[in-house]
Every structure is written in structure tokens, then in C-alpha cells.
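>>> Whatever this is, show me its structure:
(chains A and B)
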2 protein chains.
Amino acid sequence: MSLAIDGTHDPALQSWVESANDTGSDFPIQNLPFGRFRGEDDADWRIGVAIGDQVLDLRAAKVIDSCDMNRLMRLLPEVRRSVRQAISEGLRVGSTQQNTFKAALRPQSEVELGLPCQIGDYTDFYTSVHHATTIGKQLRPDNPLLPNYKWIPIGYHGRASSIVPSGQSFRRPIGQTKAADQAVPSLGPCRRLDYELEIGVLIGRPNVLGESIAMASAEDHVFGVGLFNDWSARDIQAWEYQPLGPFLSKNFASTLSPWMVTVDALAPFRAPFSRPEGDPEPLDYLQSTANREQGAFNIELEVWLQTERMRQEGHPGERISQSNYRDAYWTVAQLVAHHTVNGCNLRAGDLFGSGTLSGPNPEQGGSLMELSVGGKQPLHLTNGETRSWLEDGDSIVLRGYCQQEGFRRIGFGECRGTVLPAAVSERKAP
Amino acid sequence: MSLAIDGTHDPALQSWVESANDTGSDFPIQNLPFGRFRGEDDADWRIGVAIGDQVLDLRAAKVIDSCDMNRLMRLLPEVRRSVRQAISEGLRVGSTQQNTFKAALRPQSEVELGLPCQIGDYTDFYTSVHHATTIGKQLRPDNPLLPNYKWIPIGYHGRASSIVPSGQSFRRPIGQTKAADQAVPSLGPCRRLDYELEIGVLIGRPNVLGESIAMASAEDHVFGVGLFNDWSARDIQAWEYQPLGPFLSKNFASTLSPWMVTVDALAPFRAPFSRPEGDPEPLDYLQSTANREQGAFNIELEVWLQTERMRQEGHPGERISQSNYRDAYWTVAQLVAHHTVNGCNLRAGDLFGSGTLSGPNPEQGGSLMELSVGGKQPLHLTNGETRSWLEDGDSIVLRGYCQQEGFRRIGFGECRGTVLPAAVSERKAP
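Next up, the predicted model:
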């Protein structure tokens, strides 16, 4: 576990980049998240670090000599930390490198932010017991949680090709569905389109196929954390998912935020990992003292909905739920240890989705399926609109931040996606 | 659909590479499968084509100027076919390029064969109705096939990082299991290790996210076909797979054969796609005249088991089952059309597993789970050994070939993997 709180977290640190010192900024000098950007004239992605409303081009600042983010992610934790230290020192008030760094700054508003790295394999977990219980209740009222839930960090493989950067719109998917009152299935646009509020965990250091990663070193293999929206077509999912799991209901698009907040930046915002009384202790390979004491991350999460009408009226959108990553049933270290206990190899750029992060209260559902109780209780928005499921033109924006007494607040930026109408179907009239 | 039978299939064609003219060779001039190889001195993979017992280095033969297989796979079907045509002409008896090509030959026995390309996303399907029914019977005797099976080509995402080339051994996985008579689960080496006989389909031409691929052009996006073993840990699978599908029970290793037999080479070996009487017609987006007439592939498949004892005694192994890919319930074109109907984007190098290819008869099971009826009826080998599940030291070899009146037999080579003992577990004594 990498829990060291060093000088880079000092709340008194100020940057000569003025916008980083605004208390409302997601990107003060205590954060320094990594991402990829390009200007209009760039053929390829460059590696950048967010600072205030600017992005620091790491190669132009002579911090590193490569534009290959996945190569940077592979570094040993101590090397990774020394890169972070160098960036922090160069951006501080009074830095001797101010001139070099200043020439390497670009306003974030003038560049395109892409996916933070080349995504390898993508695994989605199911770590919110509140989500699993609420969904389970809709399917099996008497027996919502399956017997393996409290023993195994349940996960399954997802599709990497259709992971898109924040800001990219996507078409409502078309697919096979069969309502209970239909004799045979039919093809058509999804009618129950949903979002899922998730954390995205990006793997850094790889492990060798056949060698598992122990809890004690699990976080050394994690590079950073972003926000992740696992868009879901609930009607397609219901018809297709037995017996091998969700497929086309998930792989039409998933949205990842541009900035990877490093595990090092998150060091001050750790929380104990605790289980409700009476729940089983995890098996040994999922336990460590450090995990019990500080295995969780205290990250506040929010979901904002901006409908087409709100957009036309200049309304920035409405917050429809909030939760905290601290409430997940399994920690990041446990996901890494479990994923590799069979010898499965992780590679730099692999992505773990946390699964929908719902809080303990009903209004903390991380998806519309939860908030609208399977579509039965539409959400009432303050402008009079209602939503059981997402409509064309709806944007969902995920936000996250860490805040704790004695430390500077750091944020994750936003993870935004907008639903476009379905492609014209070639379906014949019935 | 690309069903053109051209001069490259002429059974009278002979190569100046003598070993290609042996009737027993998998790689006559009518085959020409693509793969990647390297010699002892090569830092990187080279692109090769198998001919007899040789491999033709395509760059050395001046056929292409790159060593990037995925780039080659992306080519338009007509360009891809012209490359194949050029290779065929250069290898024919009387070719004017014989000297250039001869200098570009390497004995297969002297090079290392790798994965045929860089694998992108891996999707595993479930296309054998016989497999689905047999497995379903073990779980639900009265209702073996789920209601969606005859409507949807069921598939799910798999893990790409742990796909290994033929010949590479792998460790028996460790994992959580819970037998029915255990109160709580425990961690330990898999006790029900199995193989799965599959076809691997490699995608060539990509599609754009948001745009589906119609049946009529589906095979234009397929580059080639290999043999694929989706090793499975049945005891881990039983405990983990609800509700989101198999995960650690599959992702410890999967083995892919080195040679991609192109759809062009398979043109003479097509078969009609037919459904048992009374089964529903597929929905429109999964239908085309060409698919009905020649959508299936007539590929004979075999599974060979070589135990440690057989290896010590110089015994090449015993064939334990055989089936034919023609008997799959869904065609390759249907898999492509279904996978993209929601707009999901395929990329060059993506892999589809067919799912376990069992035949209609019980002895045609494509896994031990079927052949040993869930471990209850051990397989009796001719040397007196028995197998309910795979034991340490066991090798499984998959073989495949196409044979049809009026055409030269072509083969797939072999797909071989060997089980090593589990890594020493850190588990404490109970």
C-alpha cells in the first residue's frame, strides 16, 4: 500500500499558476492528475498534467522525454513518485524552473482531452453492496444478494474498443428485446437506456502471467483513478444476459474522464475498510492490516443530468444523486489481488470499473434503474420534466472530489456524455 | 459474403516447395495461412505464410513492406485477396519469383511461432446448441436451453492479456471454490480443470463506432480462422459466475493456434446453414440468402490428449473427441452482424471464440465436462488411465482440417497447451 503523505500534499503549497490557487479548482498543485491532450496541430497525443485551468506538457517541460502514457504508467512506484515530485516542485511559487514550465503550459480550453491512456483489457466489478442489493430486490425480492457476493469481488470482462473520452456523444443502441407480453423478440432502439456511476481504476505496473499480486503490493500496480460511466441498455440486458452475463447491453459505449488522479495524490483521502457486523471476514488473500486501516478511498461522487430542454434554456443541469466511494464493499487492493489470484496478468493501461457506486440510501442510487425503481417511479426534475430512463439529447455528467480537514480539496474534473438518437434502423414495418 | 473460388484453390496446383505437395501436409499451396514468427536473432515478430514445412517471410519475399500483421489485416478484401494471389503465384511450380521467394523461406522447425497478431478485444460466443444443451441438462434437467438461445448468438467478453500462443504451458489456476457440502468457500488449486474446443475468428477490417455491419458484408470484416482452447476451471466457475458470467475461471490462460487460415482459403469448404425443423427463423438482421446457402464452414475438428505418462512412453496422445464446425447454431457472419447491431466497433486483431464446439452425439463433446458428464463418468484411455478432469502434465492438442471432393485438403496445424502444477499457495494450514 502506498499511503505516504509527503510534501506534495502540503495544503500551504501555492503555484505560480494562479488559477490553481482558486479554492474552487479541481486541480490545485496538490492534485496533479495525468492525462493526454492534443492541440489543433498535433498529430499525436501528448502527456499532460492538469494544473488550475492549464495543462502542463510534460515533454515540453523536460520532465519526461516520451509521449507514451502507457510507458509512463509502467514505472516503479518510487520512480512514478519522483516524477510527481519534480512536477510539484516546478509548479511551486519560487520554482527555478518557472520559465521552462511556463512555456509548456496550454489552456485546457484550447486543447482536446482524450482517453488518458491506451486502454488494454477492461474489467467491470460490482463492488457496491447497496447497488447489488437494490437491483437484486427488483429481480428476487426474497433473496436479493447471491451467496457469493460477500466472499468474491464479483467482476466480469467488458469491451475496451468502445470506451470513449468525456465529451463524446454516442448513439442510442439498437438491439434485440423481448417484453414479457411479447411472444417473440424484436429488433429496435433501446427503450430503457441508463447510466452507471463508477470509478475507473487504471493499472500501471504489470504482473507476469501465472504470478499473483499479494494485498501488500496491490496498490503499487495502480496508477490512478478517474470517473467512469458504464452506459447500460436495460431492456437489451434483460433478454441477453443469461447465462453468460451482459454483452451488447454494455459495449455500445462507456465514457472515461480525461484525468487520472494518482494513488499518490489520493494518499490523504484514505478511509478504513469496514464490514457491517455479522458479515464474513474476507479470505486471507483479500486481507491486510493496511487494507483494514486505510484500504478505502474517501471520494465524493455526484451525478448531474442536463436534458435537451435545460441545454436550450442555458440551465447547467441538475444533480440527481450523490454517493461516496468509501461505501464500496471491496477495496481497489482487493480487486487487484482477486483479479490476479489465478495468475491472470494485468498490463499498463488496463481499466477496472468499480461497478455502479450507489450509497446506502435510496436517493443515492448510481443508476436510473435504482432511482426510478426499474422505471416504475419516474424521477421528477425541478423544471417539471420527468425521467424513468434517458431520453435523446440527455447529457449525464459525473463529478468527484476529495475533501478532508487539513488538506486542500482535489477534484476529478468531469465525465460527460450525451445520448444521440438511434441510427435509422433497417427494420421492416411489422 | 466472400465465396469466390478462384485459381488459388485449383487442386492441380503444385508448389516448388516440395513438402507442400505431400498429401498429408496441412499447408499445401491452396492454404497459405498467415502467422507471426521470429528467429533466434529477431527482436520483433515477422509476418509469415506457412507452405509445407516452411514459412515464407513476406517482407523478405518483397510481398509486403511491413511487419505489422494488424495493419495487413485491416486491408480491404480485394487488396487482401491480391496479396494472397501474389503469394500463390510466387510459390507455384514455374514461378519467375522462385529465387526471391526461396531466399525468404525458413523451416518452421527453426523459428518460434507466436500469436498470429496483436489481439485486441476478445469475445467468446456459445454457438454450439449441442454444448449448450448438454451443459444445460447438467444444471437444469427439465429446461436445458434458455429461452433466448435460439434467437441471440449468446456471447460475452473475455480476457485478451492471457491469450497465449500454441506450445506455451500454463499453471493450474488457484481460486475460490465452495463445494455444496462446504459452509464457507476456500482458496486452493482448481480441482476441475477443463479444456474447450473452439474456433478462433480474427477480425480484419474495422467498423466505426455507432455503425453496424450488415450480414451482406459481414465476412469482409473477417481475416481468418484458427483453433482456440478456452481452458476452464469448472469449480471456480460454478462459485463465481452468478450473476455476471465467468471471470477468473477463464482468464488464467487461453491458447490460440499460430496460423490464420483466411476466409479466402476456406471458400471451397462452405456449407449451408440450416436449422432443425420447428426452430425459429433468425430475425432479419441475422439473415441473408448467401448465409442460408453457404454460411457455415465445413471444418473437421479433433481433440487429442497426451498425458504425462504417454509423453514419457513416447506415445503421441489419444484422440478423445471430434466434431465439425458446420454443426454450430450460428454462423461467423451472424456473430459479426449481431456483435455490431448496437454500433459496437470491431478492430483489426479482435478475436471471436466460437464457444465449445460439441457435435450432436455424446462422444462429440468439446470439453471434459461433457465427456465425463460433469466428472461422474471418467473417460477411459486406451493405456488404462482415466480422466474426469485434466491432471498436471496433461497436454491438449486441437487439430482441424477441411476436406471435400474436388479440392485439396487444407489443415490448421495444431493448438497445443500443457498444464503445469499450481503455484505454491500462500494459504495457511486450516
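
>>> hey, let's count contacts and neighbours off CA atoms from now on
Noted.

>>> Please determine whether the longest strand along chain A lies in contact with chain B.
For chain A, the longest strand by residue count, based on DSSP state E, is strand A:410-420. No - Strand A:410-420 is not in contact with chain B by C-alpha under 8 Å from any C-alpha of the partner chain; minimum separation 10.3 Å.

>>> and that strand, what other elements does it pack with?
strand A:170-171, strand A:222-229, strand A:254-256, strand A:395-402 (3 or more C-alpha pairs under 8 Å, 6 or more residues apart in numbering or on different chains; DSSP states H and E).

>>> Direction included, what does whichever helix or strand comes after the third one pair against?
So the one you mean is strand A:254-256. As assigned by DSSP states H and E, the chain's next helix or strand after strand A:254-256 is strand A:261-262. Strand pairing for strand A:261-262, determined by DSSP bridges: strand A:222-229 (antiparallel).

>>> Run the angle between the strand it pairs with and strand A:410-420 for me.
Orientation of strand A:222-229 against strand A:410-420 (axes from the mean of the first three to the mean of the last three C-alpha atoms, to 10 degrees) gives an angle of 40 degrees.

>>> ok, A:Glu370 - contacts?
Neighbour list for A:Glu370: A:131, A:134-135, A:362 [criterion: C-alpha atoms under 8 Å, 6 or more residues apart in numbering or on different chains].

>>> Please repeat the previous calculation with a cut-off of 7 Å.
For A:Glu370, the contacting residues are A:134-135, by C-alpha atoms under 7 Å, 6 or more residues apart in numbering or on different chains.

>>> can you confirm it is in a helix?
Yes - under DSSP: H, G, I helix; E, B strand; the rest coil, A:Glu370 falls within a helix.

>>> any residues touching the longest helix seen in chain A, and which ones?
In chain A, assigned by DSSP state H, the helix with the most residues is helix A:77-91. With C-alpha under 7 Å, 6+ apart as the test, helix A:77-91 has contacts from A:8, A:15-16, A:29, A:95, A:97-98, A:101, A:220.

>>> returning to that earlier point: how big is the angle separating the longest strand of chain A from strand A:395-402?
Put simply, strand A:410-420 runs at 170 degrees to strand A:395-402, going by the same axes, to 10 degrees.

>>> Work out the gap between strand A:410-420 and the centre of the chain.
Its chain's C-alpha centre and that of strand A:410-420 lie 10 Å apart, by C-alpha atoms, centre = their mean, to the nearest Å.

>>> Describe which strands that strand pairs with in its sheet and in which direction.
Going by DSSP bridges, the partners of strand A:410-420 are strand A:170-171 (parallel), strand A:395-402 (antiparallel).

>>> Next secondary structure after the shortest one?
Elements were assigned by DSSP H and E; along the chain past strand A:170-171, the next helix or strand is strand A:174-177.

>>> touching chain B at all, that following strand?
Yes - using C-alpha under 7 Å from any C-alpha of the partner chain, we find that strand A:174-177 touches chain B at A:174-175.

>>> contacting residues around that strand?
Contacts of strand A:174-177 (C-alpha under 7 Å, 6+ apart): A:185-190, A:235-236, A:239, A:422, B:341-342.

>>> With mean neighbour count and mean pLDDT as new columns, can the strands paired with strand A:410-420 be given to me in JSON lines?
As requested, the strands paired with strand A:410-420 are exported to JSON lines (neighbours: other C-alpha atoms under 10 Å in any protein chain shown; pLDDT from 0 to 100):
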{"stretch": "strand A:170-171", "mean neighbour count": "21", "mean pLDDT": "98"}
{"stretch": "strand A:395-402", "mean neighbour count": "24", "mean pLDDT": "98"}
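
>>> Between those strands, which one is closest to B:Ala214.
Taking C-alpha to C-alpha, strand A:170-171 is the member of these nearest to B:Ala214, at 17.4 Å.

>>> And A:Pro421, how far from A:Leu256?
21 Å (C-alpha to C-alpha, to the nearest Å).

>>> Check the offset of stretch A:80-92 from the chain's centre.
24 Å.

>>> Tell me the buried residues in that stretch?
Neighbour counts over stretch A:80-92 (16 or more other C-alpha atoms under 10 Å in any protein chain shown) mark A:80-81, A:83-84, A:87-92 as buried.

>>> Make CSV from these and add distance to B:Arg38 to it.
Converted to CSV, these look like this (distance: C-alpha to C-alpha, whole Å):
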residue, distance to B:Arg38
A:Arg80, 34
A:Arg81, 37
A:Val83, 36
A:Arg84, 39
A:Ile87, 41
A:Ser88, 44
A:Glu89, 46
A:Gly90, 45
A:Leu91, 47
A:Arg92, 50
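
>>> can I get those residues in JSON lines with pLDDT?
Compiled in JSON lines, those are given as follows (pLDDT from 0 to 100):
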{"residue": "A:Arg80", "pLDDT": "93"}
{"residue": "A:Arg81", "pLDDT": "94"}
{"residue": "A:Val83", "pLDDT": "96"}
{"residue": "A:Arg84", "pLDDT": "97"}
{"residue": "A:Ile87", "pLDDT": "98"}
{"residue": "A:Ser88", "pLDDT": "98"}
{"residue": "A:Glu89", "pLDDT": "97"}
{"residue": "A:Gly90", "pLDDT": "98"}
{"residue": "A:Leu91", "pLDDT": "98"}
{"residue": "A:Arg92", "pLDDT": "98"}
